[in-house]
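In: output the structure for:
(4 chains)
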Amino acid sequence: MNEDELVEYFRTQMRQDPDVASAVAAIRTLLEFLKRDKGETILGLRENLTQAIDRLTGVDSSVAVSSGGELFLRFISLTSLEHDDLSRCKKVMVERGELFLKKISFSRNKVAKLCHTFIKDGAKILTHSSSRVVLRVLEKAVAEKKRFTVYVTESQPDCAGKKMAEALKNLNVPVTVVLDAAVGYIMEKVDLVIVGAEGVVESGGIINKIGTYQMAVCSKAHNKPFYVVAESFKFVRLYPLNQQDVPDRFKYKADTLKTVENLAEEHPMIDYTPPSLITLLFTDLGVLTPSAVSDELIKLYL
Amino acid sequence: MRGRLQRRPHSGMGRSVLLAALHCSVLTGRVRQVNMADADGGGERKQNDSIPHTQDGTDTKNHAIARAKTEGKELTKEEKQRLRKEKKQQKKNKKDDKNTPETETEKKPVAPAAAQQTIPVVKAPAVVPAAAAEAPAPAPTSAPADKPAKTKAELRAERRARQEADRASKQGKKGDPSQPPTASKPKAPPSDLQPVVKRLPEHVQADDPAVVKKLAKKLERQQIPLRSDYGYKVSLFSHLHQYSRKAPLTQHISIPSTVIHPSIVRLGLQYSQGIVAGSNSRSIALLHAFKQVIRDYNTPPNEELSRDLVNKLKPYISFLNQCRPLSASMGNAIKYIKKEISNIPSQCKEEEAKDRLLKCIDSYIVEKIQLAAKAIAKYAIEKISDGDVILVYGCSSLVNHILFEAFEKERKFRVIVVDSRPRLEGREALRRLVKKGIHCTYVLISTLSYIMPEVSKVFLGAHALLANGYVMSRVGTSQIALVAKAYNVPVLVCCETYKFCERVQTDSFVSNELDDPDDLIVTRKGKTQLERWQEVSSLGLLNLVYDVTPPDFVDLVITDLGMIPCTSVPVVLRVKNVDQ
Amino acid sequence: MPGTDKETDLSERIEAFLAELKRGGSGTGPLRGSAETARETAALLRRITAQARWSSAGDLMEIIRKEGRRMTAAQPSETTVGNMVRRVLKIIREEYARSGGSSEEADQQESLHKLLTSGGLNEENFRQHFPPLKANVIEAINELLTELEGTTDNIAMQALEHIHSNEVIMTIGRSRTVEAFLKDAARKRKFHVIVAECAPFCQGHEMATSLSEADIETTVITDAAIFAVMSRVNKVIIGTQTVLANGGLRAVSGTHTLALAAKHHSTPLIVCAPMFKLSPQFPNEEDTFHKFVSPQEVLPFTEGEILSKVNVHCPVFDYVPPELITLFISNIGRNAPSYIYRLMSELYHPEDHEL
Amino acid sequence: MAGRVGKQNRPTSGAGNANRKGAADQEEEEQPLQAVLIADSFNRRFFPISKDQPRALLPLANVAMIDYTLEFLTSTGVQETFVFCCWMSNKIKEHLLKSKWCRPTSPNTVHIITSDLYRSLGDVLRDVDAKSLVRSDFLLVYGDVVSNIDVTQALQEHWHRRKVEKNVSVMTMIFKESSPGHKSRCEEDNVIVAMDSKSKRVLHYQKTHGLKRLQFPMNIFHSGSDEFEIRHDLLDCHISICSPQVAELFTDNFDYQTRNDFVRGILVNEEILGNQIHLHVTADGYGARVSNLLMYDAVSSDMVRRWVYPLTPEANFTDQEGQGCTHSRRNVYRGAGVSLGHGSQVEENVLIGRETSIGANCHISNSIIGNNCTIGDNVVLDRAYIWNNVRIAKGSKITQSVLCDSVEVKEGVTLNCQCVLAYNVVVGPNISLPEGTVVSMHHPDEEEEEDEDEFLSDDAEVSNSQAKTKLKAFSAAEVGTEGRGFIWRASSLPEAEEDELAQSLWGLELNPDPESDSESEMSEGSHDLGSRGVSPELDDVKVFQTEVLGTLQRGMEENISCDNLVLEINSLKYAYNISLKEVMQILTKVVLEFPFQQQGPQLTAAQYCSLLLPLLKKWAPVFKNYVKRAQDHLDCLAAMEEFFLEHEAYWGAMVKVLMSVYQLEILDEEAIMRWFSHGVTSDKSRLLRKNQGLLKFIQWLEEAEDESSEEEVDAA
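Out: Numbers count the residues shown, from 1 in each chain, chains lettered A, B, ... in the order given. This is a model prediction of the structure:
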């Protein structure tokens, strides 16, 4: 399976169900790649996979993809430890991979189940941009006969917020789209903030659509709880100190990275929200305090 | 009938109070021994007298040092000379006091017996308490039998007192006996007329024996009994006095009171019993009492009113201060009166002078208190919008007034009344609001953080606004502000400008007031935990009266001059001083 | 037949316990200290394990879950009950695993690692039957009980590490743990304790009297004076009713104010909390979080007609967010609030978080 | 059942025999505490509701009342309870059998004893005695008592008393302190009690309801007790601790029907029998009996406001499945599966039963809604008590009403205060029921034939009435076009019935008359002041009067300017919040009495005048200040008249007084004329008007007037 096929496969994955997280898509692709891979040695296999992952991140620069990729690699290496015989090993890998995919497909519901109890009847919720997980949580809450109103930031440049608002309207939840600049204004009247995340970093902070940070700062200033909902496969081994420290490959679109040489003029697509601003993270591993995140990652990678 | 009598300066009321006092002293063994204590106290005082006057100087000096200790400030030059002045002043006092009794006797043919009693009193101070102490002797009473008698007398005294209070406060359109009082020391005024209020008052340096002794001496000169501290005092507050409500000052007053005007005695009793409480009602009551005094005053021969009257007021003031430390508002009121008195030209006729003073006082009440309240209400109502949930604490007459006004203006809001032990003044506020038909919720201060999320605005009353922008108010106010800040709820403080005060204070310790510690005792489910706290040496009860709220908790101060930030209090003060 | 007799006897005991819990704390929070409750619960569970009919660990866990649910329902505010049930469940899991030979007690916490490595979705069904299991479980529960006995002392022992001589310590209400803690310290050091009375129940008064008897210089203040006095306090030591999963507290009302005041004067806030008070509950505005007692406590019935027009609330508990807390002192050591979640995962099995 | 009985005598084994009465000390240990619960009210207060359901089973906060009572008994340590039912006994039995009380594990064994012969409390207790059910002191309560009082202390006292002097104290009644005017005080059982302060012995006991004046027998005053209290601040919890003798006594005197009879009886021939009744007054704890719908309203709201803690709605003490509900801010309770439409406000003190669905933009406050109800959009509920399976269509408005099970309210119906819709009634659409309407599926006429066979008891033949209802048609005018049900109009009943019905549902005076509560306000005012000092017994008006007097006197002596006087008086006015009218009357009175103050009461009219007139002149400004509007004039005159009516001797002076005030322009002639022609209140005042001088004066006035005013006079 050459690179173009790979990319093609990835793209189709994304296209076929728009509801899938890019990380999941990446993992699927890699699994496919693994199946078709002709490598003899485990080392070779790793080589190819790493290349493939780079390729994918080249296509979609989101943190999720790379986190997915890393996870997959880790998974390969872990399993490869158990069996030395490649062919058997591959078999195990494949089935476990399927299993893994199966498991993480539940994760959103798990998150929803954990989180909806924090939305009390008549709550006013502020959310940023559009996040599938957040949407799922709110769906759950509606199913629980909870009444709440939602403010969604329009979230320039791609106006993803509008999409979110639409989705919520269909649930007939009263929803208002607000300007990104209106976060400070609106914060006063909301009860809690819920945002998704593209990646959850080791510090327990998150990387998410640009504008999340300001929202977090604002909510801190108003002592409003700031909740993050994210599946565990978004955990990524990365420790940004501040916005500067976030690698460019995440900050900017893949193609912009290729085309533009002076990034100074470019708008970053994501920002980093430090753990101190986050009240709680809801993941399929349970409700975590920011400090618990690194714990998880340590458990996984050490 | 009684109504008439008590209004007569030298009969009726005065007597009834004193009777009450006597009864107490007759009946309760406790009191008797207090008297005894006084008696020896008297003896010791005699010694002090014998000490040559230079003593005074040293006294003042080490008292000054003491103050330096307590307040942690070094003596400024002008303070020094203040002290000097005061020394002179006191010498003068002596003279004045000498001839006050005469004046008394002259204008009191009604009770010559009293007059006779007085003269020895002046000569040998020790006799007064002694007499008081002997009084019980002829009454070999069986306690139970007399108890009712005593209580009745007390009752009468206090009923009168309370009515007085109501009247005074109601006249202030905002009377509520339950409003928290203030006891900030009167600020040092510019005019050098009243050394009494000029010094750092004794009631914030109870820990300095020199000062205490000095106070005792002064009082005795003015023939005012010294009130003895009660119970074990918490180490941090040993510089403050702590009195028991059960031992009112009036118990020690010989009958008939020679120096203290009955209306003042009554007022004192009301203060010390907390019947008149709340800075507004207290000030109004004070002003009315002074009106009474002035009415009954007539200038002794070869004295001029402006001088003599002021001197006459002095013992009264220190008496009241004994009953309960003066509040900032009272301080300002006194300052005002004294100024007015001193402004009276010497050639002016007595009658018209008195008339003029009375008018001044009335106008003070009207302008500074009643109209101020109106103005504040006008501003405050703008800040109350429909659907508001307003949190109030304790029972501030001003805040209540505002809420009433707002309610009459058909504003739709509900009120959360927060209350705190031991005074539970909130209940009074609650009753009033509910009676008016305002929708109320009632919680205790401990559950503040539960209720706060519902609240949209916090309205607080104040007892004094200090020059550094701190708000001095009923203890707990600062806590409310703190929590409100934590929940981003705006905090509005309502305060008339006559409560502004040049003093500065950054914590609630330096100058505060301790109320009767017994108030803390409660009985739940038939058990009284603190019953015998006196006997446990290591146990102390702290019944603090005030605290100060740092300006950064307060979003807005509503005064009769409009809405200002805490920080611009000094500005207002300057303006005031200019126009005064 | 003895079996049924035991059964009825058992169920009667359970009922009695439930009834007690229901009436538990008509006013001043739980009538008995939560330590006691914890012990009783554990003892009862042991009895159940001993007397109830069960063949496999699965059944036992089912039974205990069932009873556990009822107990917690009986007095939602008394979280220790639920915690004990969880502990016991955890014990059963462990014992089961051990007798099963598999040492998969390494880490039951759901984790990414597990997500990747664990083979298959098949959950342990605890169906196998091990004869010695019963004995082992009971044994383990006994250990738990002994641990419970020790908690207060263990905490008290650490007192001297935290209290230096003649400092001013503030506490609120009455916590037996804190009481022991301070008294222990008082044996060596002189210091001054300020107790906030915590109206309307005024447990503070009891606290003060008992401290002063151990002649510690004690001062009782009203709740209103907390902030005023805080500026002179250099440590705040409080007990709590529950430690929440996020490191926050569910403590007697007034504590939040106290904590805020402490924060404002940046005074360290130390919480003495035995492990059995850790509860996997989170402070969502869930309705079982608060506990309201009769308004009688606040506004007497004799207040008359205004009562029908006034709403009086008397919540017993406050939520204190973790950021206001400096340190936890538990019977197994001292932790920062951020570490609580870890303890949580050690004590309880994630699947038992909701019974 | 057998099993239970077996269990029941396990704890009480050996103590079964009833001849060991007295000797309370032994009994304390050995005897289990017993209780007699009467699950019948023996009156028809809840008709027509109680036609379909016995009162004890009516839901209060979605729990049958009897369950509260049983829970109360159990929590106070009662181990054995005898439930006596009469009306619809089978229903009660059924209910109890499937309740938790009859579970084997229940700590409180419940025996159900049914008979249709019970007509009163008396009958029951006689039966208790006959069956000799009770072995020792027992608790006596009704099936509709809601309480959380802990009676253990009372029990101790009771036992102690009985130990000290054997069998003298037969009963201890439990009362709760609560000031008059308290919402959950039932006007009907307002009692006034004279009790010995120390021994708590009842000396006199009287229901005050409907009494204008009270009298006390002399003997209570010179009875041995050196100190005794007469209390009206007590709320009867209808809980009493009885010794077994009580039952016997009931057997002995067949005329005892109610506890009231009993108490009165005991007290009357206390000397003869030497039995005493005691009182236990508790300050904390809650106890009340739901004796009518007003009380139902009060108790329900107390329940929701948590006064009966720990018996709160969310506690689910009956532990039935799914009864549990959650409690959140401002006392809002929601059962499982409750759904609220958007924009619906649940204000405060609301309990919503499980599976109930509420539409959009509703506004609900202080209400209790049962299970499985359906409420449409834009419904407004205030103090509505809605039982189970009720359907309310959109746009309805319900205030302080009771809707029984499976009632249906169609669109746009308005229920005004104190309506009652009994079971299965349908009303609407678009109809407004006037205040106090009672609608039932039973036709009121059913009553007549029932009335013969039954007296006060609820038990009645329902079967035949069913048939009747078929025949009768529902009037659309009354219950709406689609309505089903008959209005129980008071008029449709004979006189006796009428007020009984009026009583039966909503207590007596639906809203206590203003002055009564105003005065209670006043007393409260003084009371709370008392809390911070001493409570004055002086009534404000009096004080005010003396104050005014004082002021004026001083005014005299120190001739203070009138303005100042006015200032004084105003301040006083505020101080005692006296209305302007009163001020004027008092002022007038005071001034007129002033001469007496100066010279003592014995004055001739002439002297009096000579003294008074200068005063009037002096204080004219003061008067003017108050006498402005025409009304004031009249009031002033009225006051004068009043004064002179009291002092006939000075009628002569009156004219002069009037004259002077007229000349001082304090009063104008119309006013005087008006007063003269109209003001007649009593024949004495008519007499007054006959007074020669007055007539002259009036004449003089008339002459002084011109045409216009003359017409006026004619008109007047």
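In: tell me which residues touch the residue nearest to residue D:413 when sequence neighbours are not counted, please.
Out: Of all residues beyond its chain neighbours, the one nearest residue D:413 is residue D:428 (3.9 Å), with distances taken as CB to CB, 6 or more residues apart in numbering or on different chains. Glycine gets a C-beta too; all of them are placed from N, C-alpha and C. Applying CB atoms under 8 Å, 6 or more residues apart in numbering or on different chains to residue D:428 gives the contacts D:393, D:396, D:409, D:410, D:411, D:412, D:413, D:479, D:480, D:482, D:483.
In: cool, and residue A:25?
Out: For residue A:25, the residues meeting the contact criterion (CB under 8 Å, 6+ apart) are A:10, A:13, A:14, A:65, A:68.
In: contacts for stretch D:229-238, please.
Out: Residues outside stretch D:229-238 that contact it (CB under 8 Å, 6+ apart) are C:302, D:141-142, D:145, D:147, D:149, D:173-180, D:182, D:184-186, D:189-195, D:197, D:204, D:208, D:216, D:259, D:281, D:287-289.
In: measure residue B:300 to residue B:293 for me?
Out: Here residue B:300 is placed at a distance of 15 Å from residue B:293 (CB to CB, to the nearest Å).
In: so these two - more neighbours on which side?
Out: Neighbour count, other CB atoms under 10 Å in any protein chain shown: between residue B:300 and residue B:293, residue B:293 has more, with 21 against 17.
In: point to the residue nearest the middle of chain A.
Out: Central residue of chain A (CA atoms, centre = their mean): residue A:198, 3.0 Å from the mean position.
In: make a ChimeraX selection of the buried ones in the contacts of stretch D:229-238.
Out: Of the contacts of stretch D:229-238, the buried ones go into a single ChimeraX selection, burial set by 16 or more other CB atoms under 10 Å in any protein chain shown:
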select /D:141,142,145,147,149,173,174,175,176,177,178,179,180,182,184,185,186,189,190,191,192,193,194,195,204,208,259,281,287,288,289
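In: just the ones of the contacts of stretch D:229-238 in strands?
Out: When those are checked against strands (DSSP state E), the matches are D:141-142, D:145, D:147, D:173-177, D:191-195, D:204, D:281, D:287-289.
In: my guess is the residue nearest to the centre of chain A meets residue A:61, correct?
Out: No: counting by CB atoms under 8 Å, residue A:198 sits too far from residue A:61 to count as a contact (10.3 Å).
In: who are the neighbours in contact with residue B:507?
Out: Contacts for residue B:507 (CB under 8 Å, 6+ apart) come out as B:548, C:228, C:231.
In: the ones in strands among the contacts of stretch D:229-238 also near chain C: which ones?
Out: Counting by CB under 8 Å from any CB of the partner chain, the subset of those that neighbours chain C consists of D:176, D:177.
In: flag every residue of chain A that's near chain D.
Out: A:120, A:121, A:145, A:147, A:174.
In: drop anything exposed from the residues you listed.
Out: Burial by neighbour count, 16+ other CB under 10 Å: within the residues of chain A next to chain D this picks out A:120, A:121, A:147.
In: of the residues you listed, closest to chain C?
Out: Taking CB to the nearest CB as the measure, chain C lies nearest residue A:120 of these, at 4.4 Å.
In: make sure the closest one is indeed in a strand.
Out: No: in this structure, residue A:120 is coil, not part of a strand, as judged by DSSP: H, G, I helix; E, B strand; the rest coil.
In: show me where chain C has helices.
Out: Ranges of helices within chain C are C:2-23, C:34-51, C:57-74, C:79-99, C:112-117, C:133-157, C:159-162, C:176-186, C:203-213, C:226-230, C:255-264, C:340-347, based on DSSP state H.
In: now do the closest residue to residue D:416 other than its chain neighbours against residue D:422, distance only.
Out: Excluding the flanking residues, the one nearest residue D:416 by CB to CB, 6+ apart is residue D:435, at 4.5 Å. Residue D:435 sits 17 Å away from residue D:422, taking CB to CB as the criterion.
In: list the residues that contact residue B:494.
Out: Under the criterion of CB under 8 Å, 6+ apart, the contact partners of residue B:494 comprise B:376, B:380, B:396, B:398-399, B:402, B:459-462, B:557-559.
In: do residue C:348 as well
Out: When contacts are counted by CB under 8 Å, 6+ apart, residue C:348 is found next to C:83, C:86, C:87, C:89, C:90, C:280.
In: can you pull the pLDDT of it?
Out: Taken from the predicted model, the pLDDT recorded for residue C:348 is 88.
In: for it, which non-adjacent residue is closest in space?
Out: The spatial neighbour of residue C:348 that comes closest, neighbours along the chain excluded (CB to CB, 6+ apart), is residue C:86 at 4.4 Å.
In: how about the contacts made by the residue nearest to the centre of chain A?
Out: When the contact criterion is CB under 8 Å, 6+ apart, the partners of residue A:198 are A:62, A:63, A:64, A:206, A:207, A:208, A:209, A:234, A:270.
In: contacting residues for the second one?
Out: Applying CB under 8 Å, 6+ apart, we find residue A:63 in contact with A:198, A:199, A:207, A:234, A:236, A:238, A:250, A:270.
In: isn't the residue nearest to residue C:348 right up against residue C:349?
Out: Yes: shown here, residue C:86 and residue C:349 form a contact pair, counting by CB under 8 Å, at 7.4 Å.
In: which of those two has more residues huddled nearby?
Out: Summary of the neighbour comparison: residue C:86 and residue C:349, criterion other CB under 10 Å, with residue C:86 having more neighbours (25 against 19).
In: ranges for the helices of chain A?
Out: Listed in chain order, the helices of chain A (DSSP H) span residues A:3-16, A:22-36, A:42-59, A:63-82, A:86-115, A:132-143, A:160-170, A:183-187, A:212-221, A:248-251, A:254-259, A:290-301.
In: export these as JSON lines, with columns for mean pLDDT.
Out: Written out in JSON lines, the entries for the helices of chain A read as follows (pLDDT from 0 to 100):
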{"stretch": "helix A:3-16", "mean pLDDT": "83"}
{"stretch": "helix A:22-36", "mean pLDDT": "84"}
{"stretch": "helix A:42-59", "mean pLDDT": "82"}
{"stretch": "helix A:63-82", "mean pLDDT": "80"}
{"stretch": "helix A:86-115", "mean pLDDT": "83"}
{"stretch": "helix A:132-143", "mean pLDDT": "92"}
{"stretch": "helix A:160-170", "mean pLDDT": "92"}
{"stretch": "helix A:183-187", "mean pLDDT": "94"}
{"stretch": "helix A:212-221", "mean pLDDT": "94"}
{"stretch": "helix A:248-251", "mean pLDDT": "85"}
{"stretch": "helix A:254-259", "mean pLDDT": "78"}
{"stretch": "helix A:290-301", "mean pLDDT": "82"}
